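A.B. asks: 3D model of this:
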Amino acid sequence: MESTHDRSLHAWQEIVDTWVRTIGVRYFSELTNLGILMEEVGELARIMVRRFGDQSFKPHEKDDLADEMADVLFVLLCLANQTGVDLNAALAQNLEKKTRRDRDRHRSNPKLTTPS
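C.D. replies: Here you go, the predicted model:
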């Protein structure tokens, strides 16, 4: 199998679609996948809170930040496939929107220019 490190989001959407249709049998419903996405975001939040916040890990608690981020992305790719969203195009358009909207906003925010 070729390297998977430099793939576009479009390529990942195709890879996930193939995986779901072969190994996963079929997509869960969109609402089920939305619930799964919320669960995965919660698991990511738990690790972030413990690693970068004030809480500590419980004994034997999972601490794989990259894996949790990948779980979130996997379910998001599933939802994009199910709803016909091209994430490459959506991300490009979203970044353009943020650039237009926030071109000067963050530079002029004293909270971001003052050392914390």
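A.B. asks: What segments of this protein are helices?
C.D. replies: Per DSSP state H, the chain carries helices over the ranges 9-22, 30-52, 65-83, 87-102, 110-113.
A.B. asks: least reliable of those helices going by mean pLDDT?
C.D. replies: Mean pLDDT values for the helices of the chain show the minimum at helix 110-113, a mean of 86.
A.B. asks: For that one, which helices and strands make contact with it?
C.D. replies: In terms of contacts (3 or more Cβ pairs under 8 Å, 6 or more residues apart in numbering; DSSP states H and E), helix 110-113 is not packed against any helix or strand. C-beta coordinates here come from the backbone N, C-alpha and C atoms, glycine included.
A.B. asks: residues in contact with that helix?
C.D. replies: Residues from elsewhere that reach helix 110-113 (Cβ atoms under 8 Å, 6 or more residues apart in numbering): H106, R107.
A.B. asks: what about that helix, distance to the chain center?
C.D. replies: Helix 110-113 has its C-alpha centroid displaced from the chain centroid by 27 Å (Cα atoms, centre = their mean, to the nearest Å).
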